[in-house]
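Peer 1: Predicted coordinates and the sequence they were generated for:
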Amino acid sequence: MTLSPFLFSILMAGHPITIDGQFQDWENVPVAYSDMEGDGMSADFADIKITYDLEFIFIYFSFHNGEFLMQDWNAFHLYVDVDNNATTGLDYNGIGAELDWTFGQQQGIFYINGGTSDV
């Protein structure tokens, strides 16, 4: 039996991150997605890194034009399709997102079994 690299990475520990305002612990985390410069409006995303520990998932965003606060007034959404099934959850750009997190409101909606729940 062969395990896919993705399944193997789930079984092994990721890169633990300490939420302390320092970013050295992100240095060894590979870039999950890079976005080209100049296609954003006020906030132009550059790189996204994703890792986890036994309790949490951690997501790192960097921007081409410096820092941008992910709180209070923005309308950035993070859509997560946890089951990789486009027919479940919220239909958004071809995915079935079970979670729609809005950073500026510091809240989200979880879509499950045809219903919703606030997070």
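Peer 2: On my side now, so go ahead.
Peer 1: what about the protein, any weak spots by pLDDT?
Peer 2: Applying pLDDT under 70 to the chain flags the ranges 1-13, 40-41, 68-72.
Peer 1: what residue lies at the spatial centre of this protein?
Peer 2: Ile59 (5.1 Å; Cα atoms, centre = their mean).
Peer 1: hang on, that one in a helix?
Peer 2: No. Read with DSSP: H, G, I helix; E, B strand; the rest coil, Ile59 is strand and lies in no helix.
Peer 1: ok, now which ones touch it?
Peer 2: Residues in contact with Ile59 (Cβ atoms under 8 Å, 6 or more residues apart in numbering) are 48-50, 78. (Glycine included, C-beta is placed from N, CA and C.)
Peer 1: Could you give the bridge partners of it?
Peer 2: Taking DSSP bridges as the rule, Ile59 bridges to Ile50.
Peer 1: Over to Ile109?
Peer 2: Here Ile109, judged by DSSP bridges, has bridge partners Asp100, Asp118.
Peer 1: who's in contact with it?
Peer 2: Here Ile109 is in contact with 90, 99-100, 116-119 (criterion: Cβ under 8 Å, 6+ apart).
Peer 1: Over to Ala46?
Peer 2: 34-35, 37, 62-64.
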